[in-house]
Structures are given as structure tokens and as C-alpha cells.
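Visitor: missing the sequence, but the structure's below:
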């Protein structure tokens with residue numbers, strides 16, 4: 001329709017346009033792949049400055065990422081031409097041989113930033129994001145003259161960095177270890193740090209335990225620098241505020257250091273310590289403010305994670321107690337659930353499931369038979385084959401388990417996984433008779449693991465199959481009872 005056509009056109013227009021200029025194709029491909037993964041950009045390429053100038057005659061780019069040394073036309077000449085043709089285009093210069101004079105020259109001509117090869121992709125992506133945000137904010141603010149323009153440029157840079165810090169932690173997923181690494185990586189990018197440490201504070205022992213360390217010389221950093229800074233860490237923890245120290249105060253620190261506390265509800269639980277690159281200018285008050293903003297934003301996220309994990313673990317402990325009560329009646333159930341959880345995780349990892357999916361599947365597998373708490377002993381422990389009526393009662397355990405978990409919002413995904421783990425690929429399963437891709441993906445993994453473990457262990461009414469026979473049975477039911485892709489991931493686990 002006309003409306004759809006307009007929406008598609010608007011979407012294209014909203015894409016940021018980036019031109020990559022480098023005479024080495026693998027470098028262009030590396031940058032293109034990184035940008036494509038990081039955002040929805042419209043990306044073009046040129047192999048030298050002359051090609052880039054030609055493209056800029058016919059198209060306007062938000063950002064040009066350019067090498068310095070190239071045939072026909074190098075990066076510095078390209079920068080001069082861009083300033084004449086399109087002064088609002090932002091530029092990031094990349095080179096294998098940066099020197100101070102070249103850096104200063106590029107900055108004076110308007111290059112946004114300067115990266116040395118081999119460059120860190122995260123550093124490049126950070127600078128790209130800040131650069132595009134600055135451009136957007138500048139356009140919103142409109143044209144300024146003289147000193148007002150300089151002030152506005154400085155202000156837009158500050159707003160861009162603050163927004164980047166906020167966005168980086170807004171929807172972050174992962175455990176505390178991942179967030180700690182994120183804090184360190186972001187800090188080093190934002191203030192051009194050379195060494196960085198995140199230490200956890202054990203208040204009772206009065207100790208600062210290194211959790212994440214980054215340094216060109218990690219051994220010296222860990223064995224010499226960190227012990228020498230214990231007094232600074234103690235001051236930051238006692239005063240609950242960030243400190244910035246320059247070499248003029250402490251000659252052994254070159255050129256400067258920032259230490260900031262990580263706090264939950266006014267209690268210090270960690271320290272972030274970062275040192276400036278030795279050949280660069282000392283940290284500024286603005287750098288200090290960026291680090292304080294980052295640690296506060298990260299601390300809030302970690303506080304939510306700690307509270308979430310605490311509630312989550314308490315809930316899981318409660319349900320594990322219910323499983324234990326089933327074990328008192330049926331010793332098979334708890335051990336079966338543990339084995340199924342282990343096998344489910346192996347299959348999920350073989351299928352390259354995301355970490356969060358693996359964790360949800362593990363929990364669902366541990367709890368998948370919790371509904372059996374409602375099954376009478378005379379049926380649950382019956383030594384003979386079940387009658388149709390008895391099997392109908394047994395089948396209700398998936399829905400009973402679903403209802404037991406229903407009040408717990410934290411287990412929403414796990415609840416659906418266990419509800420459907422007895423569905424069949426051909427639609428002949430229960431409780432909903434779902435078929436094929438309509439069955440939740442993680443339920444399909446659990447179905448294979450559950451069935452295999454049931455076949456390979458003794459039950460009151462039958463003896464266990466040997467493993468090769470059970471593997472063959474799973475294989476035979478691929479595309480009937482089980483998802484063929486899941487079976488394909490399962491089979492190599494039992495060669």
C-alpha cells in the first residue's frame with residue numbers, strides 16, 4: 001500500500017550512512033561486519049581517497065572512517081577535500097603509524113577521532129556511536145557562531161557520552177561477571193584508559209579482591225601496582241566518593257588515576273580503578289564525572305541483579321523442596337530431573353542456544369516433573385503398566401506443574417517449557433496437541449532429554465534399555481515424536 005511504501009522510505013532515510021575508506025579489503029570487511037552487527041547502518045566502501053571523493057559528490061555521509069596511508073589519495077588529503085565538499089561530515093582517521101603532529105593536524109581539520117592499527121573493535125564502535133550522537137544533537141541544536149559553536153560542540157559531546165553510558169546499561173542482560181567486564185571495557189573506552197581494575201570489597205576482612213584486571217603488563221599490574229594502591233582503595237571505600245590523583249601528587253602514577261566506588265544502598269561493594277595512557281594528557285574533571293556516572297548507573301543495574309538473583313534463588317529453593325517431597329515417595333523423580341537437566345543443557349549448547357535460554361532450560365528441566373506432587377501414590381508407584389484412566393491422571397502433571405509455577409512471574413518462560421515437554425512433533429502429544437514448530441523450541445529439547453533418560457533407567461513396571469538401543473529409539477522417532485534438528489544435536493553426544 002501507499003502507507004507501507006512511505007514507511008519503508010522513511011526507514012531508509014533514517015539510517016545513518018557510513019563510508020569506509022581503506023585500501024586493504026580485509027580491514028574494510030572487518031569494519032563493515034562490526035558495524036552491521038552493532039546497528040542498522042547504510043554502509044558504503046571505497047579503496048582510496050579519490051574513490052571516496054567521487055562517492056561524496058553523489059551522496060551525503062554522516063560519518064567517514066578512513067585509513068591515512070592509501071594510494072592515489074591518502075586520508076589527510078581526503079579530509080581536506082571533505083571539509084570543502086561536506087564540512088558537516090564527521091571523520092574518524094585510522095593509521096598504523098600515528099604521530100603527534102599528524103594527530104593534531106587531523107583534529108584541526110575536523111577529524112572526530114584517531115585510532116591506531118591494530119585497533120580494538122569495541123573502541124571503534126564506541127567512537128562511532130558517540131560521533132553519530134554528537135552529529136544528531138548538533139543538528140537538533142541548529143547553527144551557532146564563534147564561541148557559542150565551541151560551547152555547543154563541547155556540550156553535545158558531553159550529552160552523547162552520558163547518553164551512551166545510560167544506554168549501555170539500560171537493557172543489559174547477563175550475570176554479574178558479564179556486567180563487571182562491561183564496566184571495565186566501557187571505562188577504558190570513554191576516558192582512554194590504559195590500565196583498569198575492578199575489585200570487590202570484603203568489608204569484614206578489609207580486603208580488595210581483584211575481579212577484572214586489564215593491563216599491557218598484567219603481572220606487574222597485579223603484583224606491584226594494585227598492592228601499592230591499597231591506601232587509595234581504602235580512602236575511596238571510607239569516604240564513599242571518587243578520587244582523581246595526578247602524578248604531581250603521586251609521582252609513581254603517570255599521568256593520572258581515577259578510583260570510584262561501586263555502591264549498593266550506600267554500601268561500598270567494589271572499586272573501579274583506571275589509569276590514563278602514559279603518553280596522553282592527565283584525566284580531567286569531565287573524565288571523573290563520566291566515570292562517576294558510569295559506576296552509579298552500573299551499580300543500580302547490579303543492585304537490581306542482586307535482588308533478582310536473591311528472589312530467584314529463594315523461589316527455586318522452595319520448588320526444589322517440593323521436588324524433595326516427591327523423592328520421599330518416588331526416589332526416581334529427583335535423580336531423573338537432575339540427569340535430564342544435565343542432558344538438556346548439553347543439547348542446548350550443541351545447538352548454540354543463548355546463555356539465557358540454556359539457564360531457563362536447565363531450571364525447567366529441574367522442575368519439569370514437579371506436578372507429580374498431585375499424583376496419588378497408587379498410580380505414581382504402580383509396579384504394573386497403567387490403565388488408560390491412570391495414564392490420563394499422570395498426563396495431568398504438566399498442567400499441575402504449570403499451575404504451581406503460575407504465580408511466579410520470574411519463571412514465566414520455564415513454566416511454558418515444562419507445560420509442553422510431552423508434546424510430539426507429529427501433534428499426538430499432550431496437553432495441547434501442538435505440532436512441529438508450534439511447540440516451544442526449548443520444550444522440544446527437554447522432550448528428547450526426558451524420553452532418553454526415562455528409557456535408560458529402571459522403572460517399577462520395566463527394566464532399563466541399554467544406551468545404544470535408547471539412542472536408536474530416539475533416532476527412529478526423529479520427525480515423529482521429536483524435532484529432527486534436536487535429534488541431530490543429540491546423536492553426536494552418544495557416538
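Guide: On my side now, so go ahead. As the structure is a computational prediction, the values presented were derived from the model and not from experiment. Residues are numbered from 1 along each chain as shown.
Visitor: going forward, measure contacts between C-alpha atoms and count neighbours the same way
Guide: OK.
Visitor: which residue ranges form the strands in the stretch 251-400 of the chain?
Guide: 256-264, 267-276 (DSSP state E, counting those that start in this stretch).
Visitor: Tabulate those (TSV), appending mean neighbour count and mean pLDDT.
Guide: Output for the strands of the stretch 251-400 of the chain, formatted as TSV (neighbours: other Cα atoms under 10 Å; pLDDT from 0 to 100):
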stretch	mean neighbour count	mean pLDDT
strand 256-264	25	91
strand 267-276	23	90
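Visitor: Between those strands, which one is closest to residue 227.
Guide: strand 267-276 (12.5 Å; Cα to Cα).
Visitor: tell me the pLDDT at residue 396?
Guide: Confidence at residue 396, expressed as pLDDT, is 92.
Visitor: how many neighbours does it have?
Guide: 17 (other Cα atoms under 10 Å).
Visitor: ok, now residue 407?
Guide: Quick note: residue 407 (other Cα under 10 Å) scores 10 neighbours.
Visitor: And the helix or strand harbouring residue 27, what does it pack against?
Guide: Assigned by DSSP states H and E, residue 27 belongs to helix 25-38. Contacts defined by 3 or more Cα pairs under 8 Å, 6 or more residues apart in numbering; DSSP states H and E place helix 25-38 against strand 16-21, strand 41-46, helix 121-141.
Visitor: Quick one, which of the ones you listed gets closest to residue 367.
Guide: helix 121-141 (39.4 Å).
Visitor: Let me know the angle separating the closest one from helix 25-38.
Guide: Taking axes from the mean of the first three to the mean of the last three Cα atoms, to 10 degrees, one finds that helix 121-141 is oriented at 60 degrees with respect to helix 25-38.
Visitor: and the angle from helix 121-141 to strand 16-21?
Guide: Going by the same axes, to 10 degrees, helix 121-141 makes 130 degrees with strand 16-21.
Visitor: elements contacting helix 121-141?
Guide: Packed next to helix 121-141, using 3+ Cα pairs under 8 Å, 6+ apart, are helix 25-38, strand 90-95, strand 111-116, helix 146-170, helix 176-191.
Visitor: rerun at 6 Å
Guide: helix 146-170 (3 or more Cα pairs under 6 Å, 6 or more residues apart in numbering; DSSP states H and E).
Visitor: low-scoring pLDDT stretches of this protein, where are they?
Guide: Scanning the chain for pLDDT under 70 picks out the ranges 1-14, 96-112, 137-160, 170-174, 277-279, 304-316, 320-334, 409-410, 460-461.
Visitor: still on that earlier bit, mean neighbour count, the helices and strands packed on helix 25-38: which tops it?
Guide: Highest mean neighbour count among the helices and strands packed on helix 25-38 (mean count of other Cα atoms under 10 Å): strand 16-21, with a mean of 22.
Visitor: now what about it, what contacts it?
Guide: The set of residues external to strand 16-21 that reach it, using Cα atoms under 6 Å, 6 or more residues apart in numbering, is 41-48, 61-66.
Visitor: Next: stretch 23-34.
Guide: By Cα under 6 Å, 6+ apart, stretch 23-34 touches 47, 48, 70.
Visitor: Residue 186: neighbour count?
Guide: Residues near residue 186, counting by other Cα under 10 Å: 20.
Visitor: is it true that residue 66 lies in a strand?
Guide: Yes: checked against DSSP: H, G, I helix; E, B strand; the rest coil, residue 66 lies within a strand.
Visitor: What residues are bridge-paired with the residue nearest to it when sequence neighbours are not counted?
Guide: Spatial nearest neighbour of residue 66, excluding adjacent residues (Cα to Cα, 6 or more residues apart in numbering): residue 21 at 4.6 Å. Beta-bridge pairing of residue 21 under DSSP bridges involves residue 46, residue 66.
Visitor: picking up where we left off before, for the contacts of stretch 23-34, which entry has the maximal number of neighbours?
Guide: Of these, with other Cα under 10 Å as the count, residue 48 tops at 24 neighbours.
Visitor: In contact with that one: list those residues for me.
Guide: 21, 22, 23, 70 are the contacts of residue 48 under Cα under 6 Å, 6+ apart.
Visitor: ok, residue 362 to residue 447 distance?
Guide: Distance, residue 362 to residue 447, by Cα to Cα, to the nearest Å: 13 Å.
Visitor: now do residue 240
Guide: Distance from residue 240 to residue 447, by Cα to Cα: 52 Å.
Visitor: Between the two, tell me which one has more neighbours.
Guide: Shown here are residue 240 and residue 447; by other Cα under 10 Å, residue 447 has more neighbours (24 against 17).
Visitor: how distant is the helix or strand where that one lies from the center of its chain?
Guide: Taking DSSP H and E as the criterion, residue 447 maps to helix 441-455. How far helix 441-455 lies from its chain's middle: 28 Å, per Cα atoms, centre = their mean, to the nearest Å.
Visitor: Which secondary structure elements does it sit against?
Guide: helix 331-350.
Visitor: what packs against the helix it packs on?
Guide: By 3+ Cα pairs under 6 Å, 6+ apart, helix 331-350 packs against helix 355-367, helix 441-455.
Visitor: residues in contact with that helix?
Guide: 327, 362, 365, 366, 446, 449, 450, 489, 490.
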